[in-house]
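> sequence and predicted structure are below.
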Amino acid sequence: DIQMTQSPSSLSAFVGDRVTVTCRASQNITTFLNWYQQKPGNAPTLLIFATSTVHSGVPSRFSGSGSGTDFTLTITSLQPEDSAIYYCQQSYTTPVFTFGPGTKVEI
Amino acid sequence: QVQLVQSGAEVKKPGASVKLSCKTSGYTFTNYAIHWVRQTPGQGLEWMGWISVGNGNTKYSQRFQGRVTITRDTSATTVYMELTRLRSEDSSVYFCARVGSGWYPLFEYWGQGTLLTVSS
């Protein structure tokens, strides 16, 4: 099974900061990596898929990069509404999916 | 618009079974797979299983193999997830999620979640 790890587990930053979250897969997943945002009491929502494609309606301050085993989610100019938990997800072994443990971003 | 509406909260005793539903609307039901994901309080997201709604094929996480069954009712455009031999550690929020419109595997639409509490 492919395992996913994320770092850091949590971070605190200021409005306007640039924030980076890292996700690592236990084996090569090429670019089959997605990012979701989850706010308290809500279901996750899709942010980025296929490593770097920003989902429709997602602000352009969100971006993704990487390939193989190492991936990055970047939020440029952090906004108050970006306070959430961010999860990476590998879809290389579809229909079996694996999520990372999440990164809590506090503003 | 695409909607996934899940059934209400459940309280069950250890050893019992529960069957949760995910009522879909706004799209052609048989064209899109549905997955189930759970989230234990304060914990992350855990993939449980999947159903190919068109033909009924399923696949389950090894962690739940033998305890979980996902089915669908095409006339009701509803997917069900049954979990048996419940234990306290199964107390979680359970989500259904629909795959995207393209070929790339992702979860584009989610239900609102169902809280399951397992307690004696």
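Arrived safely.

> now do the same contact list for the most centrally placed residue in chain A.
Nearest residue to the geometric centre of chain A (Cα atoms, centre = their mean): A:W35, 3.6 Å. Neighbour list for A:W35: A:C23, A:L46, A:L47, A:I48, A:F49, A:F62, A:G64, A:L73, A:Y86, A:Y87, A:C88, A:Q89 [criterion: Cβ atoms under 8 Å, 6 or more residues apart in numbering or on different chains]. (C-beta placed from N, C-alpha, C; glycine too.)

> in TSV: the residues you listed, plus neighbour count.
Shown next, in TSV, are the contacts of A:W35 (neighbours: other Cβ atoms under 10 Å in any protein chain shown):
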residue	neighbour count
A:C23	29
A:L46	22
A:L47	23
A:I48	25
A:F49	25
A:F62	18
A:G64	23
A:L73	26
A:Y86	25
A:Y87	25
A:C88	30
A:Q89	24
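
> near chain B, which residues of chain A?
Contact residues (Cβ under 8 Å from any Cβ of the partner chain) of chain A with chain B: A:1, A:32, A:34, A:36, A:38, A:43-46, A:49-50, A:55, A:87, A:89, A:91, A:94-102.

> quick revisit: any idea which helix or strand carries the residue nearest to the centre of chain A?
strand A:33-38 (DSSP states H and E).

> take that strand, keep the C-alpha atoms, and write them as CSV.
As requested, the backbone C-alpha atoms of strand A:33-38 are provided in CSV (Å, rounded to 0.1, in the frame of the first residue of the first chain):
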residue,chain,number,x,y,z
LEU,A,33,-1.6,13.8,-6.5
ASN,A,34,-4.6,15.9,-5.4
TRP,A,35,-5.1,18.5,-2.6
TYR,A,36,-8.3,19.1,-0.6
GLN,A,37,-9.2,21.8,1.8
GLN,A,38,-11.4,21.1,4.8
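
> how about residues contacting whichever helix or strand comes after it?
Heading C-terminal from strand A:33-38, the first helix or strand you meet, by DSSP H and E, is strand A:45-49. Residues from elsewhere that reach strand A:45-49 (Cβ under 8 Å, 6+ apart): A:34-38, A:54-55, A:58, A:62-64, A:73, A:86, B:100, B:104, B:106-108, B:110.

> distance from strand A:45-49 to the middle of the chain?
8 Å (Cα atoms, centre = their mean, to the nearest Å).

> packing partners of the helix or strand following that strand?
Next along the chain after strand A:45-49, taking DSSP H and E as the criterion, comes strand A:53-54. Judged by 3 or more Cβ pairs under 8 Å, 6 or more residues apart in numbering or on different chains; DSSP states H and E, the packing partners of strand A:53-54 are strand A:62-67.

> run the last query once more with 10 Å
strand A:45-49, strand A:62-67 (3 or more Cβ pairs under 10 Å, 6 or more residues apart in numbering or on different chains; DSSP states H and E).

> for the contacts of A:W35, give me TSV that also has pLDDT.
Shown next, in TSV, are the contacts of A:W35 (pLDDT from 0 to 100):
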residue	pLDDT
A:C23	98
A:L46	97
A:L47	98
A:I48	98
A:F49	97
A:F62	98
A:G64	98
A:L73	98
A:Y86	98
A:Y87	98
A:C88	98
A:Q89	98
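
> out of these, who's nearest B:D90?
Taking Cβ to Cβ as the measure, B:D90 lies nearest A:Y87 of these, at 20.7 Å.
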